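Asker: sequence and predicted structure below; questions after.
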Amino acid sequence: MKAFYMSKEIKELIDEIDVSESNYEKASSRYKAIATYIKESDLTKGSR
C-alpha cells in the first residue's frame, strides 16, 4: 500500500470542518424532521 502524505494545512482544514457527534445528531434529526414535513405536506401531492 502506498504511503499517504498529508500536509499540515490539510490536517488543520480537516480539524476545522470536523463535526462533533452532538452536532451531527442535531443536524441529522433536523434533516429527518424536514424530510418528514415535506413528505406529509401538500408539496409532494402533485409530483406523484
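Answerer: Cool, got the structure.
Asker: tell me the helix or strand right after the helix or strand bottoming out on mean pLDDT in the chain.
Answerer: The weakest-scoring helix or strand in the chain, judged by mean pLDDT, DSSP states H and E, is helix 8-17 (a mean of 90). Next along the chain after helix 8-17, taking DSSP states H and E as the criterion, comes helix 21-40.
Asker: what's that following helix packed up against?
Answerer: Using 3 or more CB pairs under 8 Å, 6 or more residues apart in numbering; DSSP states H and E, no helix or strand is in contact with helix 21-40. Where you see a C-beta, it was placed from the backbone N, CA and C, and this is true even at glycine.
Asker: just the CA coordinates for that helix, please, in CSV.
Answerer: Provided in CSV are the C-alpha atoms of helix 21-40 (Å, rounded to 0.1, in the frame of the first residue of the first chain):
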residue,chain,number,x,y,z
GLU,A,21,-21.1,13.8,17.5
SER,A,22,-23.7,16.0,19.1
ASN,A,23,-23.8,18.4,16.2
TYR,A,24,-24.1,15.5,13.8
GLU,A,25,-27.0,14.1,15.7
LYS,A,26,-28.7,17.5,15.8
ALA,A,27,-28.3,18.1,12.1
SER,A,28,-29.5,14.5,11.3
SER,A,29,-32.6,15.0,13.5
ARG,A,30,-33.4,18.3,11.8
TYR,A,31,-32.9,16.9,8.3
LYS,A,32,-35.2,14.0,9.1
ALA,A,33,-37.8,16.3,10.5
ILE,A,34,-37.7,18.5,7.4
ALA,A,35,-38.0,15.4,5.2
THR,A,36,-41.0,14.1,7.1
TYR,A,37,-42.7,17.5,6.9
ILE,A,38,-42.2,17.7,3.2
LYS,A,39,-43.3,14.1,2.7
GLU,A,40,-46.5,14.7,4.7
